[in-house]
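Colleague: what's the 3D shape of this:
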Amino acid sequence: MERSALATLMIALLFLTAASAAFAAPAYFPVDRTYYPYYPSLIKWEKTEAGFTEPEVCQGCHPQQYNEWTGSVHALAFQDPIYQGELNKGFKAVGHEVTRQCEGCHSPAGVVTGEIKGPGLKGLGRMALAGVSCDICHSISGVTHGQTPSHEPENGSFILAPGIDSKDGPKLIKRGPAKPSAECGGGFHECAESPLHTQADLCAGCHQVYHYESHFPLESTYLEWKHGPYAQKDIHCQDCHMVETDTFIRTADTFRKPERSEYRHYFSGANYLLYYLAGAAAKKAGDKDLAALLEKKYQMAVEKLKAAAEIEIHPVYRNGALAEVRVRVKNIRAGHNLPTSLTNVREMWLEVTAKDVGGNIVLFSGALDKSGSLAQNTRLFNSDGMGRDFHFAIDPWVVTAFSRHDTIPPRGYKDAWFGVLPVKKKGSVTVEARLLYRQADQKVAGKLLHAVPEDIDLEKTYGISAEVAVPIVEMTRTKASFTSKEK
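Modeller: Sure, this is the predicted structure:
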């Protein structure tokens with residue numbers, strides 16, 4: 001009897017073990033932590049005695065490029081107070097083993113050298129503080145996009161190789177898009193031509209941000225581009241974001257690449273809030289030259305936003321009377337979706353007003369309330385995140401899917417319909433539509449600035465408080481008049 005009970009117990013245990021093994025099968029996104037030692041950052045570092053080079057050293061031979069890079073989103077990537085606030089929140093919520101994912105793209109050298117151990121700027125060397133500096137991009141020797149857990153570019157899937165060890169000692173090797181001359185590097189470093197530096201794949205690793213565990217794409221800028229007409233026409237990130245605004249417009253309109261002499265190290269995009277805050281810090285420090293440079297970059301970002309979209313307005317009649325207006329928003333120049341990147345944080349919306357011949361408002365949508373948040377009936381183009389419980393979430397370490405994703409693809413459009421109140425006075429109805437953009441809801445931005453690490457003093461450094469108003473950019477506007485009765 002005892003033997004029978006023991007045998008039954010052993011069979012039951014074997015069954016449970018087998019069942020447990022089945023449930024513990026390898027995840028759909030397996031991670032080779034030997035191959036990716038900085039996981040969830042997917043940077044690889046070919047470590048040698050050839051170290052990283054600070055940007056001020058590069059300035060000696062490349063003053064123009066250094067000046068273009070200074071104050072750029074790459075230069076400010078790690079010091080940005082909005083980023084530091086988010087990093088600090090994440091660090092407290094899930095720890096450094098997770099937030100290292102963010103640090104890998106905001107300060108690659110600081111991560112692979114082990115210098116960065118969490119949020120804050122105190123005690124860090126120049127390379128860590130310099131964010132995405134000259135030596136980061138020009139030390140990239142390859143990418144591992146196909147080897148990532150998702151088999152797509154994500155979370156810094158590139159290889160850093162600043163140089164090699166030779167019999168004569170360490171040799172620096174810097175890579176770029178052009179065939180180097182015999183004098184390239186001036187004896188300080190060797191030069192290598194890199195086709196990768198002309199392609200979007202160079203940028204892809206850090207412009208595809210995936211959840212650290214579920215590998216859901218929180219930001220999918222690269223794939224938006226790859227699956228659209230600009231990739232098909234061989235127009236890459238560099239062709240729009242490393243040129244002056246007029247060159248960007250020409251390239252986007254004609255699908256003709258810029259000339260070699262037209263490329264700049266601006267890395268200009270829609271992140272104007274970063275320039276806005278950095279400009280405030282420069283003014284607070286009394287650095288007029290830097291403040292002017294940042295104002296130029298701010299205006300460049302705003303100009304790109306204003307060039308990206310167009311609006312059309314069309315009437316909709318029912319039973320002979322004007323019942324609705326249809327507003328079509330067209331992405332005419334962005335090579336990725338509009339908006340892109342952190343679409344569950346960024347806000348692009350329509351403000352629509354219609355008045356009858358007597359000046360009476362028969363339609364209004366897109367207002368801000370007293371707290372700076374958008375009214376519920378606002379037509380937004382962005383995303384809503386949700387966590388594993390399928391409830392609303394906004395923090396990137398929580399968001400594992402989108403419950404709503406409503407952005408406009410390259411050369412595509414989205415329509416929005418707005419109901420019109422009965423028009424009492426016969427005559428024309430004038431409709432004005434404005435497309436507006438800001439990088440975050442006022443409350444969201446305030447929470448992030450409130451969360452900055454203790455060593456960042458907003459008042460002392462930037463001359464602001466956490467309640468600073470987030471600038472709103474009018475991307476475009478149009479006006480049209482229609483008869484209140486169908487002809």
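Colleague: center of this structure - which residue?
Modeller: residue 341 (3.6 Å; CA atoms, centre = their mean).
Colleague: and that residue, how close does it get to residue 276?
Modeller: According to CB to CB, to the nearest Å, residue 341 and residue 276 sit 17 Å apart. (Glycine included, C-beta is placed from N, CA and C.)
Colleague: try residue 348
Modeller: To residue 276, residue 348 is 18 Å away according to CB to CB.
Colleague: quick one, which of these two is more surrounded?
Modeller: For the pair residue 348 and residue 276, the greater number of neighbours falls to residue 348 (25 against 21), based on other CB atoms under 10 Å.
Colleague: residue 378 is in contact with that one, correct?
Modeller: No - at 10.6 Å, residue 348 does not count as touching residue 378 under the criterion of CB atoms under 8 Å.
Colleague: so what's in contact with these two at the same time?
Modeller: When CB atoms under 8 Å, 6 or more residues apart in numbering defines a contact, no residue borders residue 348 and residue 378 alike.
Colleague: residues in contact with residue 51?
Modeller: 162-163, 170.
Colleague: three-state assignment of it?
Modeller: Of the three states, residue 51 takes coil under DSSP: H, G, I helix; E, B strand; the rest coil.
Colleague: pLDDT wise, what is it at?
Modeller: Looking at residue 51, its pLDDT is 96.
Colleague: do the one 4 residues further on as well
Modeller: In the predicted model, residue 55 carries a pLDDT score of 98.
Colleague: quick check: mean pLDDT of stretch 346-360?
Modeller: On average, stretch 346-360 scores 96.
Colleague: how far off centre is it?
Modeller: From the chain centre to the centre of stretch 346-360 is a distance of 29 Å (CA atoms, centre = their mean, to the nearest Å).
Colleague: just the CA atoms of that stretch, as CSV, please.
Modeller: Extracted as CSV, the C-alpha positions of stretch 346-360 are listed here (Å, rounded to 0.1, in the frame of the first residue of the first chain):
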residue,chain,number,x,y,z
ARG,A,346,3.5,63.7,-27.8
GLU,A,347,0.3,65.5,-28.8
MET,A,348,-0.7,66.7,-32.3
TRP,A,349,-4.3,67.9,-32.5
LEU,A,350,-6.8,69.9,-34.5
GLU,A,351,-8.3,73.2,-33.3
VAL,A,352,-11.4,73.9,-35.4
THR,A,353,-13.7,76.9,-35.3
ALA,A,354,-16.7,77.7,-37.5
LYS,A,355,-18.8,80.9,-37.4
ASP,A,356,-21.9,81.8,-39.3
VAL,A,357,-22.4,85.1,-41.2
GLY,A,358,-23.4,86.8,-38.0
GLY,A,359,-20.3,85.8,-36.1
ASN,A,360,-22.0,83.1,-34.0
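Colleague: pull out the buried residues from that stretch.
Modeller: 346-357 (16 or more other CB atoms under 10 Å).
Colleague: keep only those of those that are in strands.
Modeller: In strands, defined here by DSSP state E, the members of those are 347-355.
Colleague: Serialize these to CSV and add fields for distance to residue 471.
Modeller: Below are those laid out as CSV (distance: CB to CB, whole Å):
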residue, distance to residue 471
347, 12
348, 14
349, 15
350, 18
351, 16
352, 21
353, 21
354, 27
355, 28
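Colleague: which of those sits closest to residue 483?
Modeller: Of all those, residue 483 sits closest to residue 354, with 12.8 Å by CB to CB.
Colleague: show me what the closest one bridges to in the sheet.
Modeller: Beta-bridge pairing for residue 354 (DSSP bridges): residue 363, residue 431.
Colleague: Provide a list of residues in contact with it.
Modeller: Residue 354 touches 325, 361-364, 418, 420, 429-432, counting by CB under 8 Å, 6+ apart.
Colleague: ok, of those, which come out buried?
Modeller: With neighbours counted by 16+ other CB under 10 Å, the contacts of residue 354 contain buried members at 325, 362-363, 418, 420, 429-432.
Colleague: can you give me the strands in the stretch 201-350 of the chain?
Modeller: 208-210, 217-220, 309-318, 321-331, 347-355 (DSSP state E, counting those that start in this stretch).
Colleague: from residue 108, how far off is the nearest residue to the residue nearest to the centre of the chain once chain neighbours are set aside?
Modeller: Spatial nearest neighbour of residue 341, excluding adjacent residues (CB to CB, 6 or more residues apart in numbering): residue 219 at 4.9 Å. From residue 219 over to residue 108 the distance is 17 Å, taken as CB to CB.
Colleague: would you mind telling me which of these two has more residues around it?
Modeller: residue 108 (33 against 19).
Colleague: quick check: residue 189 touching residue 164?
Modeller: No - counting by CB under 8 Å, residue 164 is not a contact partner of residue 189; they are 11.1 Å apart.
Colleague: and residue 409, what are its phi and psi?
Modeller: Here is the backbone geometry of residue 409 (degrees, to the nearest 10): phi -70, psi 160.
Colleague: what sits against it?
Modeller: Here residue 409 is in contact with 224, 228, 331, 337 (CB under 8 Å, 6+ apart).
Colleague: can you do 6 Å?
Modeller: Neighbouring residues of residue 409 by CB atoms under 6 Å, 6 or more residues apart in numbering: 228, 337.
Colleague: which pLDDT value belongs to it?
Modeller: Here the pLDDT value assigned to residue 409 is 98.
Colleague: mind listing which of the contacts of residue 51 are in helices?
Modeller: With helices identified by DSSP state H, none of the entries of those belong to them.
Colleague: counting neighbours, which of these comes out on top?
Modeller: residue 162 leads the contacts of residue 51 on contacts (other CB under 10 Å) with 26 neighbours.
Colleague: you'd agree residue 108 is up against residue 136?
Modeller: Yes - with contact defined as CB atoms under 6 Å, residue 108 reaches residue 136; the gap is 5.1 Å.
Colleague: next structured bit after the host helix or strand of residue 101?
Modeller: Using DSSP states H and E, residue 101 falls within helix 96-106. Following helix 96-106 in sequence order, the next helix or strand is helix 108-112 (DSSP H and E).
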